[in-house]
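Asker: Pasting the sequence and the predicted coordinates here, then a few questions.
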Amino acid sequence: MMAFIRTNSKNEDFVNLVKFLDADLKIRDGEDHAFYNQFNKIDALQHVIVAYKNENPIGCGAFKIHPNNTVEIKRMYVSPKGRRLGIASKILTELELWAKELGVKKCILETGKKQPEAIALYKKCGYTITANFGFYENVENSVCFQKLL
């Protein structure tokens, strides 16, 4: 049975899942990891979804509120046991529903070119590639997406 809870970045299950995410990204990003890691702090995220399968934490995602009714999707992760089951899509949908409830009109996000699974997920979920924004503006290995809600 699947369950999705709304919480914040103090949630212990979220913190533990992010440790696995960071370990994976450290390998994928290689020498670029330190650059990306500085933008992935979780100490102040107020909008976090943790997915549970049979009461075990299996995935997570979060968003950070930006100006102009926009949120940035952050810290998306599904453990290897939960992959290819549609869990990431469901987490993303839950984040989008929560954002809509807050009056948000647009989601943005950044992922790396070395994360083809993430790129495929976002395209499948209706996100379109957009110009790199903010810290990622001139970063060749970043791909930024947006979706109007």
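Answerer: Looks like it came in fine. Numbering: from 1, shown residues only.

Asker: buried sites along the longest helix belonging to the chain?
Answerer: Ranked by residue count and defined by DSSP state H, the top helix of the chain is helix 12-29. For helix 12-29, burial by neighbour count (16 or more other CB atoms under 10 Å) applies to 13-14, 17-18, 21-22, 25, 29. The way it works is simple: take the backbone N, C-alpha and C, and place the C-beta from them, glycine included.

Asker: got those as TSV, with distance to Leu85 and pLDDT columns?
Answerer: Below are the buried residues of helix 12-29 laid out as TSV (distance: CB to CB, whole Å; pLDDT from 0 to 100):
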residue	distance to Leu85	pLDDT
Asp13	18	97
Phe14	19	96
Leu17	16	96
Val18	20	93
Leu21	17	90
Asp22	22	85
Leu25	21	79
Asp29	25	68
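
Asker: max-length strand in this structure?
Answerer: Ranked by residue count and defined by DSSP state E, the top strand of the chain is strand 56-66.

Asker: That strand vs helix 12-29, what angle?
Answerer: Computed by axes from the mean of the first three to the mean of the last three CA atoms, to 10 degrees, the angle separating strand 56-66 from helix 12-29 equals 80 degrees.

Asker: Buried residues, strand 56-66. List them.
Answerer: The neighbour-count check on strand 56-66 (16+ other CB under 10 Å) flags 57-64 as buried.

Asker: for stretch 46-59, same thing?
Answerer: By neighbour count with 16+ other CB under 10 Å, stretch 46-59 contains the buried residues 47-53, 57-59.

Asker: For Glu94, the count of nearby residues, please.
Answerer: Residues within reach of Glu94, counting by other CB atoms under 10 Å, total 17.

Asker: so who does it touch?
Answerer: For Glu94, the contacting residues are 4, 6, 49, 61, by CB atoms under 8 Å, 6 or more residues apart in numbering.
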